[in-house]
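Peer 1: Predicted model and sequence follow; I will ask about them next.
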Amino acid sequence: MSYRTEFKKNLYLALPIMGGQLGQITVNIADNIMVGRLGAEALAAVSIGNAIFVVFMVVGLGISFGLPPLVSEADGIKNYSSLKENVRSSIFINCVYGIIAIAAIYILIQYLPELGQDPGAVKAAIPYLEITAWTMMPIMILQGLRGYADGMSYTIIPMLAMVGGNVINIIGNYLLIYGNLGFPALGVAGAATASLIARFCMIAIILYLLFRKKNLWRHLDFNIFKSKLANIKNILNLGIPTSLQMFFEISAFSGAALIMGKVGKIEQAAHQISINLASTTFLICSGLGMAATIRVGNQYGFKNKDLMKKAGMSAIVQVTLFMAISAILFFLFRTWLPWLYIEDLDVIEITASLLIMAAIFQIPDGIQVTALGALRGLQDVKTPTLITLIAYWLFGIPLSYYTALHTSIGYRGVWLGLIASLSVSSLLLTLRFLRLTKTQ
């Protein structure tokens with residue numbers, strides 16, 4: 001089958017999402033490079049803080065991902081009354097989750113010293129996480145607005161909001177991490193403060209851009225307390241399983257960071273750099289995953305299995321090609337990339353070896369996020385949740401823990417578990433999509 005036309009359609013939707021993700025990637029890299037100048041302990045502190053925060057953030061993102069397939073389906077059949085109700089209910093759900101997540105993170109902060117991490121890194125991680133926790137609320141509000149715009153195929157609007165906010169974040173980092181231009185030098189806490197300010201700015205930008213598009217603004221209703229129980233249930237029926245899928249994956253990666261911390265802070269700093277680099281390609285791939293959700297979701301409303309399959313598989317083929325190139329680049333530049341973050345030779349040497357393993361899991365990582373997006377467009381979320389549970393918790397985490405702490409493989413064992421879990425997930429999810437779109 002020729003996918004040339006399908007590739008163009010995918011890219012039309014995916015490129016703005018990728019642009020927004022690329023902006024976020026740039027900020028993540030800038031955050032880690034700026035913090036890395038403070039030393040390995042500061043990088044380890046960010047790694048610990050992110051290991052906790054990212055789990056809550058990803059669970060929230062998963063819940064918010066229940067909206068785009070409902071929006072794309074309603075838009076496909078022009079059911080705008082249902083669309084409006086779902087958007088309002090999604091923002092309500094996201095706000096409630098944001099409050100719960102902030103409270104939970106503050107409770108967990110009390111237990112950071114008991115995780116067996118480097119004491120100095122834990123001490124620096126606490127103020128970082130205390131500030132970062134408050135970014136959950138603007139993140140969740142933004143996700144409601146972003147899910148609406150993406151579902152309506154206006155993917156460029158969230159991209160512009162994220163890029164604008166990320167520029168503000170970089171400026172804030174420059175001022176607050178080191179204390180430039182008379183601002184206080186807050187260290188890793190400065191990076192968290194800049195992120196908090198930037199995420200509120202993103203909300204202001206996306207609201208302005210939605211207001212400029214009258215055909216989008218007329219479907220928005222911010223009286224979230226009028227949300228209907230039926231719409232809340234519809235969103236949660238899709239959002240909670242999606243959230244669990246993302247939780248199983250991200251918990252494996254957060255667990256990997258904590259396991260690496262038990263090995264040593266030098267290895268943990270190298271892990272943080274390697275994960276930060278690997279996340280750049282993953283976030284770009286998530287653009288194709290969202291494109292698959294939107295395009296498959298549009299055809300789901302018409303029950304056209306041929307077009308559903310073509311839309312989903314074209315995105316999977318496309319992401320495979322992209323990640324193959326990424327794998328080659330990681331391998332070729334494995335000894336050069338770590339120097340962007342830190343000058344500690346021990347950290348650089350370990351990072352270079354981990355980037356070889358990052359190159360290995362590029363293709364399965366891209367396939368699994370895109371296959372999940374395609375299945376989400378089919379509103380198939382329960383079986384993929386079971387698949388991710390098996391892949392990450394039955395394969396990934398136990399293998400990472402055992403090989404890293406109880407064999408001679410050492411720190412490389414952490415990434416061996418990640419490779420195994422991503423490979424199992426990508427294979428089973430793709431087979432699931434092919435079965436559901438089989439026409440005979």
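Peer 2: Received it, and whenever you're ready, just let me know what you need. Numbers count the residues shown, from 1 in each chain.

Peer 1: going forward, measure contacts between C-alpha atoms and count neighbours the same way
Peer 2: Will do.

Peer 1: chain center to stretch 113-130, what's the gap?
Peer 2: Stretch 113-130 sits 23 Å away from the centroid of its parent chain (Cα atoms, centre = their mean, to the nearest Å).

Peer 1: pull the CA atoms of that stretch into PDB?
Peer 2: Extracted C-alpha coordinates of stretch 113-130, given in PDB (Å, rounded to 0.1, in the frame of the first residue of the first chain):
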ATOM      1  CA  PRO A 113      14.500  11.100  52.500                       C
ATOM      2  CA  GLU A 114      13.400   7.500  52.800                       C
ATOM      3  CA  LEU A 115      13.800   6.600  49.100                       C
ATOM      4  CA  GLY A 116      17.500   5.700  49.500                       C
ATOM      5  CA  GLN A 117      18.800   8.500  47.300                       C
ATOM      6  CA  ASP A 118      21.900  10.700  47.800                       C
ATOM      7  CA  PRO A 119      21.100  13.000  50.800                       C
ATOM      8  CA  GLY A 120      22.500  16.200  49.100                       C
ATOM      9  CA  ALA A 121      20.400  15.600  46.000                       C
ATOM     10  CA  VAL A 122      17.300  15.000  48.100                       C
ATOM     11  CA  LYS A 123      17.800  18.200  50.000                       C
ATOM     12  CA  ALA A 124      17.900  20.200  46.700                       C
ATOM     13  CA  ALA A 125      15.000  18.200  45.300                       C
ATOM     14  CA  ILE A 126      12.500  19.200  48.000                       C
ATOM     15  CA  PRO A 127      12.200  23.000  47.200                       C
ATOM     16  CA  TYR A 128      12.200  22.100  43.500                       C
ATOM     17  CA  LEU A 129       9.300  19.700  43.900                       C
ATOM     18  CA  GLU A 130       7.400  22.000  46.300                       C
END
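
Peer 1: Give me the residues contacting that stretch.
Peer 2: Residues outside stretch 113-130 that contact it (Cα atoms under 8 Å, 6 or more residues apart in numbering) are 41-42, 44-46, 48-50, 53, 106, 109, 112, 188-192, 258, 261-262, 264-265.

Peer 1: From those, keep the buried residues only.
Peer 2: Buried subset of the contacts of stretch 113-130 (neighbour count, 16 or more other Cα atoms under 10 Å): 41-42, 44-46, 48-50, 53, 106, 109, 112, 188-192, 258, 261-262, 265.

Peer 1: Just those: which are in helices?
Peer 2: Residues from those lying in helices, with DSSP state H as the criterion: 41-42, 44-46, 48-50, 53, 106, 109, 188-192, 258, 261-262, 265.

Peer 1: Who are the contact partners of residue 285?
Peer 2: Counted by Cα under 8 Å, 6+ apart, residue 285 has contacts 18, 319, 366, 369-370.

Peer 1: Show me where the stretch 151-300 of the chain has its helices.
Peer 2: Per DSSP state H, counting those that start in this stretch, the stretch 151-300 of the chain carries helices over the ranges 156-176, 188-212, 214-217, 229-263, 265-300.

Peer 1: from memory residue 54 sits against residue 247, does it?
Peer 2: No - between residue 54 and residue 247 there is no contact under Cα atoms under 8 Å: 9.4 Å.

Peer 1: Of those two, give the one with the bigger neighbour count.
Peer 2: Comparing residue 54 with residue 247 by other Cα atoms under 10 Å, the one with more neighbours is residue 247, at 26 against 17.

Peer 1: Retrieve the pLDDT associated with the nearest residue to that one once chain neighbours are set aside.
Peer 2: Using Cα to Cα, 6 or more residues apart in numbering and skipping residues adjacent in sequence, the residue nearest residue 247 is residue 59, 5.6 Å away. Residue 59 is assigned 85 on the pLDDT scale.

Peer 1: tell me which element residue 59 falls in.
Peer 2: Secondary-structure assignment from DSSP states H and E places residue 59 in helix 40-64.

Peer 1: Show me what that helix packs onto, helices and strands only.
Peer 2: The contact analysis (3 or more Cα pairs under 8 Å, 6 or more residues apart in numbering; DSSP states H and E) places helix 40-64 against helix 4-36, helix 80-109, helix 119-132, helix 136-151, helix 188-212, helix 229-263, helix 265-300.

Peer 1: Flag the shaky bits of the stretch 101-250 of the chain, pLDDT-wise.
Peer 2: The model of the stretch 101-250 of the chain has no residue with pLDDT under 70.

Peer 1: same question, the stretch 301-440 of the chain
Peer 2: Within the stretch 301-440 of the chain, the set of residues satisfying pLDDT under 70 comprises 301-302, 439-440.

Peer 1: Can you show me the helices along it?
Peer 2: For the stretch 301-440 of the chain, the helices defined by DSSP H, counting those that start in this stretch cover 305-332, 345-360, 362-377, 382-389, 397-406, 412-436.

Peer 1: Alright, I will stop here.
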